[in-house]
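>>> Next come a sequence and a model predicted from it.
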Amino acid sequence: MLSDALSDAVAWAKDELKPIVAEDLDFTAKKKAMTQLSPKGARMLSGLLCAKYRQLLEAKCFRAGVELILIDPAYTSTIGAVKYAARRGWSVHAAAAGVIARPSRTEVD
């Protein structure tokens, strides 16, 4: 399912001549500290397919010739919640995606 969803997204980006933008997530340090988590938290974190997701996304973008832009994930959910969620009636997750998708001020200049 993950591969199919990423294929669809990359195909859309290629058709629209748009880059793919994703958060540059790294759970390596968090996974090392899993012994301090509750059993439920450890299961949730270990179940994340972030590494597989990233490998698939990079490979699919490369093969399709679609630019992949990885951004720092710091505060995307917080910024989205404060600036966009309530005002536009979006969920926090949708608002975070909006923050990720918006052009940065340095790119616009």
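On my side now, so go ahead. Numbers count the residues shown, from 1 in each chain.
>>> D72 contacts A22, doesn't it?
No - at 11.3 Å, D72 and A22 do not qualify as touching, with contact defined as Cβ atoms under 8 Å. Just so you know, the C-beta spots here come from the backbone N, C-alpha and C atoms, and that holds for glycine as well.
>>> More neighbours: those two, which one.
Taking neighbours as other Cβ atoms under 10 Å, D72 and A22 compare with A22 leading, 18 against 9.
>>> Need phi/psi at the more buried one.
Backbone torsions for A22, taken as degrees, to the nearest 10, come to phi -140, psi 150.
>>> With adjacent residues omitted, what lies nearest to it?
Once flanking residues are discounted, A22 sits nearest to L70: 5.9 Å by Cβ to Cβ, 6 or more residues apart in numbering.
>>> That neighbour - that's part of a helix, no?
No - counting by DSSP: H, G, I helix; E, B strand; the rest coil, L70 is not found in a helix; it is strand.
>>> how much space between S91 and T78?
Relative to T78, S91 is positioned 14 Å away (Cβ to Cβ, to the nearest Å).
>>> How many neighbouring residues does A96 have?
Neighbour count of A96, defined by other Cβ under 10 Å: 22.
>>> show me where pLDDT drops low in the chain?
Along the chain, segments meeting pLDDT under 70 span 27-35, 42-49, 103-109.
>>> where do the strands sit along it?
With strands called from DSSP state E, the chain shows them at 20-23, 68-71.
>>> K14 contacts V66, doesn't it?
Yes - the pair K14 / V66 is scored as a contact, 5.2 Å apart, by Cβ under 8 Å.
>>> These two: who's more crowded?
Remark: of K14 and V66, V66 carries more neighbours, 21 against 15, as counted by other Cβ under 10 Å.
>>> So the more buried one sits against I20, correct?
Yes - in this structure V66 lies within contact range of I20 using Cβ under 8 Å: 5.8 Å.
>>> shared neighbours, the two?
Overlap of the contact sets of V66 and I20 (by Cβ atoms under 8 Å, 6 or more residues apart in numbering) consists of V10, A13.
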